[in-house]
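*Asks:* with the input below, show me the fold.
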Amino acid sequence: MASSTGYPAPGLNVPENQAKQSYVLSFTELQHLDQWQVINDGVMGGLSKGKTKVLEQAFNFYGRVFTENNGGFTSVYLPLATLQKAFEYVKITVKGDGRPYQLRIRSRAMAYNTVYKYSFATEKDRMQSLSFKLADFQASFRGRIITDAPVLTAQSISHVGFLISSKQTGDFTLSISAIEFY
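*Replies:* A predicted model of the protein is given here:
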């Protein structure tokens, strides 16, 4: 289902019989900060720069996107331990800048590094809690959609991250308070 912004509608209803167990990443301290890896469009000749810091009990992904030299994106990833098979959803608590982002999950489901993505809109300076069903993520490889990829499952996840890809040069800020798999 799509929202009025053109992105799939967040806020899925989780079945009441869903297990109460979850895996939560919160960013109240500097934990995990040194494990995040920024990947800028410099791998393709671009000039965009993403940076990270922990501020006000949130992980902040910020910087500037440049469209020159085939640029226009920056991303950040965190490696994860193997998750429980029973997890079917991911919930993010974020404060954005009004720009669109992708929640990206790397998977070990195929022989090559497959990314599963889900686009979401942010509202400027407003905290949002958004839930997504793992089975609804779209598989891609180097920007191309993979139509015959297996459905994303929790136990195949190796990394979680975010990407901003913009057709406009400009600053960006995404503040992540929590990521929860359940």
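*Asks:* give me the neighbour count for Gly42.
*Replies:* Residues lying near Gly42 (other Cβ atoms under 10 Å) number 13. Bear in mind the C-beta positions are built from the backbone N, C-alpha and C, glycine included.
*Asks:* run a quick neighbour tally on the residue nearest to it when sequence neighbours are not counted.
*Replies:* Counting by Cβ to Cβ, 6 or more residues apart in numbering, Ser48 is the residue found nearest to Gly42 once chain neighbours are left out, at 7.5 Å. Ser48 has 25 neighbours, counted by other Cβ under 10 Å.
*Asks:* give me the sheet partners of the strand or helix carrying Val76 and which way each runs.
*Replies:* Element membership for Val76, per DSSP states H and E: strand 73-79. For strand 73-79, the paired strands and their directions (DSSP bridges) read strand 37-40 (antiparallel), strand 157-165 (antiparallel).
*Asks:* against Phe66, how distant is the residue nearest to Gly42?
*Replies:* From Ser48 across to Phe66, the span is 5 Å (Cβ to Cβ, to the nearest Å).
*Asks:* how about Val43?
*Replies:* Distance, Val43 to Phe66, using Cβ to Cβ: 14 Å.
*Asks:* Gln37 too?
*Replies:* Gln37 is 20 Å from Phe66, by Cβ to Cβ.
*Asks:* may I ask which helix or strand encompasses the spatially most central residue of the chain?
*Replies:* Of all residues in the chain, the one closest to the mean position by Cα atoms, centre = their mean is Leu103, 2.2 Å from it. Using DSSP H and E, Leu103 sits within strand 100-107.
*Asks:* partner strands of the helix or strand just after that strand and their direction?
*Replies:* Downstream of strand 100-107, the first helix or strand assigned by DSSP H and E is strand 114-121. Paired with strand 114-121 in the same sheet, following DSSP bridges, are strand 100-107 (antiparallel), strand 138-141 (antiparallel).
*Asks:* flag every buried residue along strand 114-121.
*Replies:* Thr114, Val115, Tyr116, Lys117, Tyr118, Ser119, Phe120, Ala121 (16 or more other Cβ atoms under 10 Å).
*Asks:* quick one: strands adjacent to the helix or strand following it?
*Replies:* The helix or strand immediately downstream of strand 114-121 is strand 127-133, counting by DSSP H and E. When pairs are called by DSSP bridges, strand 127-133 turns out to pair with strand 89-95 (antiparallel).
*Asks:* I'm done for today, thanks for sticking with me.
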